[in-house]
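K.L.:
Dropping the sequence and predicted coords here.
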There are 2 protein chains.
Amino acid sequence: MSFEKLDTLNHTLHALTHAMAILGADESTNMPTGGGEARAEALSTLAAMEHEKASAPEIADWIDTAQNQDLSVDQAAGLAEFKRLYQQRTCLPAEFVGRKTKSAMMCEQAWRGLRARGDWNSLAPLLSEVIDFAREEAQMRADATGLAPYDALIDQYDPGSRMAEIDPIFAQVKSFLKSFLPEALETQKQRHGKRPLKPLNGPFPIEKQRALGHAAMQQVGFDFSHGRLDTSHHPFCGGVPTDIRMTTRYQTDTFLPGLMGILHETGHAQYEQGLPRASAHWPHNLARGMGIHESQSLFVEMQINRSPMFWKWAMPQVDKHLGTHVFEGWEIEDVLAHVNLIEAGFIRVDADEVTYPLHVIMRYEMEQDLISGAMQVKDIPEAWNAKIQDYLDLSTRDNMPDGPMQDVHWPAGLFGYFPSYTLGAMMAAQQWAALVKEIPDAPEQIETGDYSAINAWRSKNIWQQGSRLSTPDLMKSATGEALNPDYFIAHLKKRYGEE
Amino acid sequence: MSFEKLDTLNHTLHALTHAMAILGADESTNMPTGGGEARAEALSTLAAMEHEKASAPEIADWIDTAQNQDLSVDQAAGLAEFKRLYQQRTCLPAEFVGRKTKSAMMCEQAWRGLRARGDWNSLAPLLSEVIDFAREEAQMRADATGLAPYDALIDQYDPGSRMAEIDPIFAQVKSFLKSFLPEALETQKQRHGKRPLKPLNGPFPIEKQRALGHAAMQQVGFDFSHGRLDTSHHPFCGGVPTDIRMTTRYQTDTFLPGLMGILHETGHAQYEQGLPRASAHWPHNLARGMGIHESQSLFVEMQINRSPMFWKWAMPQVDKHLGTHVFEGWEIEDVLAHVNLIEAGFIRVDADEVTYPLHVIMRYEMEQDLISGAMQVKDIPEAWNAKIQDYLDLSTRDNMPDGPMQDVHWPAGLFGYFPSYTLGAMMAAQQWAALVKEIPDAPEQIETGDYSAINAWRSKNIWQQGSRLSTPDLMKSATGEALNPDYFIAHLKKRYGEE
């Protein structure tokens, strides 16, 4: 019975994934330094084992035969998603994957050292090789899927998302932001003139910040019986749906970035914790992709936690956990001025929600040209500088660390990934708008810390859908319409525009 | 090349073992409760994968062929140990292992509930089944190895240890202890009369106990770059040699059992951390067995940490970490009176080093009869009561929880394991005697906290030997003679006898 063979295989793959997820989280939170070498060896052996099992040639026959078995709707959905993943796993020759992986590993490792020195010239030849591989990979994936080459790369991260859909959306957002950003900065300046930014009364002991973070996670809906919060240098949300390993890091001179970081990861965690539990070893019960995942973290962080409705509940929590002196004499507007500060900056990961899309869009535009061959590595610095001048009025001439050397994605060979960040931000705004249409008093519920109806909506429309639908179809099913940037634009206008 | 195939296989098995060890430690220290079901499923899938890979039929040919390859001495040692393990893994039919495992799991699960109620009658039929399987297993292992059935069980835990060697040793120790224990109790009573036991001035905050534990671990030689200390309900030493996961638990009204527990596990940890690092994926570089392992923990705990030489160093540490009020007015004799307290009790795991061997020996004697068929499950309560009356002057009539229902071993189907505990205690005494012959000022070194020469001796003679020798041969190689209970007896006389 072919379906049963696939079921057993999925159990095996699921166990290996479970092991790698927990070992990975453990490595970042608990492992002593001397354990690294043996851990890396164990992880790479497990990954090779998983790849070998998941891409075995006989699986193609099992899939074909299983398609003719009498399957339930749910089983058929599992089989369809498994087939899609199998095609993705097997459409590249193993020896190509080996060469590509080695090239990217060498480039990424070199980048870690060269970045700080801004040594673009030493990075360029390595990056050229990585991009050559990416072009070749895109073409092979295109041949296997019938998609355009760059679409075939995007499809790995956001199944179903296409340039034909993204291009006009990004064009509209870019055009809006280029005029809106100067206005919003001016509006912010005037607000600060009328209501000066209050300094934060630190220090904020880590233990107290952790207690505040726990309280906020719990309230928003993190399930502590299926997850925990630890500390790591780079915050992440790892683990498995039944055992989420979330991390944050704390500064002691401010608590707001830490708290926002915790709540961002809580959004990711809720998605994983909320996935279907039955047949969890089949891939249609996994999270849909990077865009939807980011929509869940940004839904919590941007739509909820940086809004006045959230702070109505949260200010007394700060009093309780950090002490009443912290917000003595503050009004909600004083907190919002901190958490919604905007600034045109060089670095994508430090960007606020107004400027972030411009960082993503410039990378998206350049990736299209890099994959098509219209742009070469030698052209990147000038193209980067031209775009950041145009979009953010900044110059990265002779400043490679703050320019095209800032991100790990290209050295690591990750092309087609960047758009997910901004697609996720727009999805979050659209989801919130759809939710409020169904639950008009959602804002008041948030003010009282009641997330039951909100999470029930998210569970039904997003989490419980797993990977049954493509990213665009999931958005249509959840919100009633295709991805529409108007919601995101309206959100930014409301939060950062003139009153 | 067959050896190379085995090398690759051992890398794979090593990665799976690594994953299971860390997942297991994580489960006891970090995992949220709701993660248990999926974790258990992942672990059992990984274990099945490991078993399948490690016992594949084609391996027999690889071993045969590899034996004719031109191998180094080290490679040949690895191959020999791998062959031994392969024989152990494959000498039972898979369907038998399945039925046996299920029977033991059911019995162990039932035991967890029945034990508290002392419901022997409900346990007995399940335990009978488990023992039937153990008899059958012993016979199959005997047929495969040429050993006597019970020896074949012991051999899984202590390769090379045989009843022919153990019987006279245990007879001598039993005979000694039956007369020595009443004397030692009387001696203790007189000492307490002259120097009353001082009460401990608690409470002892957990954070401070942890700091003291860390200081002691570090001094004794635990390598914190390759391991860590956490808290769990049942203390253990898990993880992998490059990343040891040790746990303890703390009481706040006393710190001595916690500290002794930490140091006991430190002894286990040092063994694992000290194993050969080269070719760590081959089994001849694993720890030899349960007896030698216990010798390492008891070497630290019994030979060193419950002795005056250790407390000369440790008393100022208590002052430093717990406060000078704790030992105010105490002399070393006052501490020793606490850590070397003896008492005839019902429970093996709570026993001191004088009474512990009697608990083990009565189980060893009964196991021999249970496996041979001379004793049935229905005979256990009376036999138990008779032995504990004879050896410890206690009665467990109508007291099953404190009698034959106290240990997990039999319900879990672990026969042949118990002797390791006491063999380990005797090995530790003999190792210490051999070490002092070579390093006469070892006691003075311990007084100053200097373990460099002591650990170098242990590393060379025990840890770096891995599994190259059988348990008895390892003892001969390390100490110059076969296991000799005189050292253990002399140790007890010196510590607990009349001055």
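P.N.:
Noted; the coordinates are in hand.
K.L.:
just the strands in chain A please.
P.N.:
Taking DSSP state E, the strands of chain A run over residues A:227-231, A:237-240, A:243-248.
K.L.:
CSV please, covering those and showing distance to B:L43.
P.N.:
C-beta: built from backbone N, CA, C; applies to glycine. Shown next, in CSV, are these (distance: least, C-beta to C-beta, whole Å):
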stretch, distance to B:L43
strand A:227-231, 19
strand A:237-240, 13
strand A:243-248, 12
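K.L.:
Could you identify which of these is most buried?
P.N.:
Highest mean neighbour count among the strands of chain A (mean count of other C-beta atoms under 10 Å in any protein chain shown): strand A:243-248, with a mean of 26.
K.L.:
I'd say A:R191 and A:L336 touch.
P.N.:
No. Using C-beta atoms under 8 Å, A:R191 makes no contact with A:L336, being 9.7 Å away.
K.L.:
How about the stretch 201-350 of chain A: which residue is closest to chain B?
P.N.:
The stretch 201-350 of chain A approaches chain B most closely through A:D243 (3.2 Å), counting by C-beta to the nearest C-beta.
K.L.:
That residue contacts B:M31, correct?
P.N.:
Yes. If you go by C-beta under 8 Å, A:D243 and B:M31 touch, sitting 5.9 Å apart.
K.L.:
Can you name the residues of chain A sitting close to chain B?
P.N.:
A:11-12, A:14-16, A:18-20, A:22-23, A:26, A:30-35, A:37-39, A:41-43, A:45-46, A:49, A:223-228, A:240-243, A:280 (C-beta under 8 Å from any C-beta of the partner chain).
K.L.:
mind listing which of the residues you listed are in helices?
P.N.:
Among the residues of chain A next to chain B, the members falling in helices (DSSP state H) are A:11-12, A:14-16, A:18-20, A:22-23, A:26, A:37-39, A:41-43, A:45-46, A:49.
K.L.:
and the gap between the residue minimising distance to the centre of chain A and A:D155?
P.N.:
By C-alpha atoms, centre = their mean, chain A has its centre lying nearest to A:E294, at 3.9 Å. Distance, A:E294 to A:D155, by C-beta to C-beta, to the nearest Å: 16 Å.
K.L.:
what's the answer for A:A428, then?
P.N.:
From A:A428 over to A:D155 the distance is 21 Å, taken as C-beta to C-beta.
K.L.:
more neighbours, these two?
P.N.:
Shown here are A:A428 and A:D155; by other C-beta atoms under 10 Å in any protein chain shown, A:A428 has more neighbours (27 against 23).
K.L.:
give the contact list for A:V335.
P.N.:
Neighbour list for A:V335: A:311, A:315, A:327 [criterion: C-beta atoms under 8 Å, 6 or more residues apart in numbering or on different chains].
K.L.:
give me that answer again for 10 Å
P.N.:
Contact analysis of A:V335 by C-beta atoms under 10 Å, 6 or more residues apart in numbering or on different chains lists A:198, A:256, A:306, A:308, A:310-311, A:314-315, A:318, A:327.
K.L.:
Now for those: which two are most distant?
P.N.:
With C-beta to C-beta as the measure, no two of the contacts of A:V335 lie farther apart than A:K198 and A:F310, at 18.6 Å.
K.L.:
Look at these two and report which has more neighbours.
P.N.:
The residue with more neighbours, out of A:K198 and A:F310, is A:F310; 26 against 15, by other C-beta under 10 Å.
K.L.:
Which parts of chain A belong to which domain?
P.N.:
Split into domains by automatic domain parsing, chain A comes to A:2-90, A:120-499.
K.L.:
Rebuild the strands of chain A as a markdown table, extending it with mean pLDDT.
P.N.:
Below are these laid out as a markdown table (pLDDT from 0 to 100):
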| stretch | mean pLDDT |
| --- | --- |
| strand A:227-231 | 97 |
| strand A:237-240 | 97 |
| strand A:243-248 | 97 |
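K.L.:
Out of those, flag the one nearest B:E95.
P.N.:
Distance to B:E95, taken as C-beta to C-beta, is lowest for strand A:237-240 among the strands of chain A, at 31.7 Å.
K.L.:
Sheet partners, orientation included, of that closest one?
P.N.:
Using DSSP bridges, the strands paired with strand A:237-240 are strand A:243-248 (antiparallel).
K.L.:
can you give me the offset of the strand it pairs with from its chain's centre?
P.N.:
For strand A:243-248, the separation from the chain centroid amounts to 15 Å (computed by C-alpha atoms, centre = their mean, to the nearest Å).
K.L.:
still on that earlier bit, who wins for neighbours among the contacts of A:V335?
P.N.:
A:F310 (26 neighbours).
K.L.:
List the contacts of the spatially closest residue to that one that is not a sequence neighbour.
P.N.:
Nearest non-adjacent residue to A:F310, counting by C-beta to C-beta, 6 or more residues apart in numbering or on different chains: A:I304, 5.2 Å away. Applying C-beta under 10 Å, 6+ apart, we find A:I304 in contact with A:220, A:263, A:267, A:298, A:310, A:428, A:432, A:442-443, A:446, A:451, A:454.
K.L.:
got the buried residues for the longest helix seen in chain A?
P.N.:
In chain A, with assignment by DSSP H, the single longest helix is helix A:163-194. Buried positions in helix A:163-194, judged by neighbour count with 16 or more other C-beta atoms under 10 Å in any protein chain shown: A:163, A:165-166, A:169-170, A:173-174, A:176-177, A:180-181, A:184-185, A:187-188, A:191.
K.L.:
which of these lies closest to B:Y421?
P.N.:
Of these, the one sitting nearest to B:Y421 (C-beta to C-beta) turns out to be A:I166, at 66.7 Å.
K.L.:
List the residues that contact that closest one.
P.N.:
A:150-151, A:154, A:158, A:361, A:364, A:368, A:419, A:422-423, A:483.
K.L.:
give me phi/psi at A:D119?
P.N.:
phi -90, psi 80 (degrees, to the nearest 10).
K.L.:
My error: substitute A:P93 in the last question.
P.N.:
Dihedral angles for A:P93 - degrees, to the nearest 10 - are phi -60, psi 140.
K.L.:
distance of it from chain B?
P.N.:
Noted for A:P93: a distance of 22 Å to chain B, by C-beta to the nearest C-beta, to the nearest Å.
K.L.:
same thing with A:Q465?
P.N.:
When A:Q465 is compared with chain B (using C-beta to the nearest C-beta), they lie 21 Å apart.
K.L.:
shouldn't that residue be in contact with A:Q296?
P.N.:
No. Between A:Q465 and A:Q296 there is no contact under C-beta atoms under 10 Å: 11.9 Å.
K.L.:
Helices - which of the contacts of A:V335 land there?
P.N.:
The helices, defined by DSSP H, take in A:256, A:308, A:310-311, A:314-315, A:318 from the contacts of A:V335.
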